[in-house]
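> Got a sequence here, can you model it:
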Amino acid sequence: MANVREYPRNKEGSSIGKIVIDRDLCIAAVSCIAVAESTFQLDDESKVVVIDPNTADDATLTAAAESCPTKAILLFDKAGMQVCPK
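Here you go, the predicted model:
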């Protein structure tokens, strides 16, 4: 994972502490955007970026990460343990 972007999350009541995007794995399938359009969008390189890590609830973020066919979206809890994908 050389080309990654990390997005800290501080949404009250959330157990997810960080969203990580592996840009090398992203193929612009846009399934994550279909699930959580208030959180994700494509940039000018057709790679997903997080526009607001705090808008979606944990279940929506998890569904978005699980929808990624290449597992380019990783979710970590507040202790730094990866929770998705498992």
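> ranges for the strands of this protein?
4-8, 16-22, 40-42, 48-50, 73-77, 82-84 (DSSP state E).
> What strands line up against the second one, and which way round?
In its sheet, strand 16-22 lies beside strand 4-8 (antiparallel), strand 73-77 (antiparallel), with partners assigned from DSSP bridges.
> follow-up on the earlier one: turn the strands of the chain into CSV, columns for mean pLDDT, distance to Ala34 and mean neighbour count.
Quick note: C-beta positions are derived from backbone N, CA and C, even for glycine. CSV is the format used below for the strands of the chain (pLDDT from 0 to 100; distance: least, Cβ to Cβ, whole Å; neighbours: other Cβ atoms under 10 Å):
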stretch, mean pLDDT, distance to Ala34, mean neighbour count
strand 4-8, 97, 19, 13
strand 16-22, 98, 16, 20
strand 40-42, 97, 9, 18
strand 48-50, 97, 12, 22
strand 73-77, 98, 13, 20
strand 82-84, 97, 17, 16
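> Of those, give the one that comes closest to Thr62.
Closest approach to Thr62 among these (Cβ to Cβ): strand 82-84, 5.3 Å.
> Output the contacting helices and strands for the closest one.
helix 58-67, strand 73-77 (3 or more Cβ pairs under 8 Å, 6 or more residues apart in numbering; DSSP states H and E).
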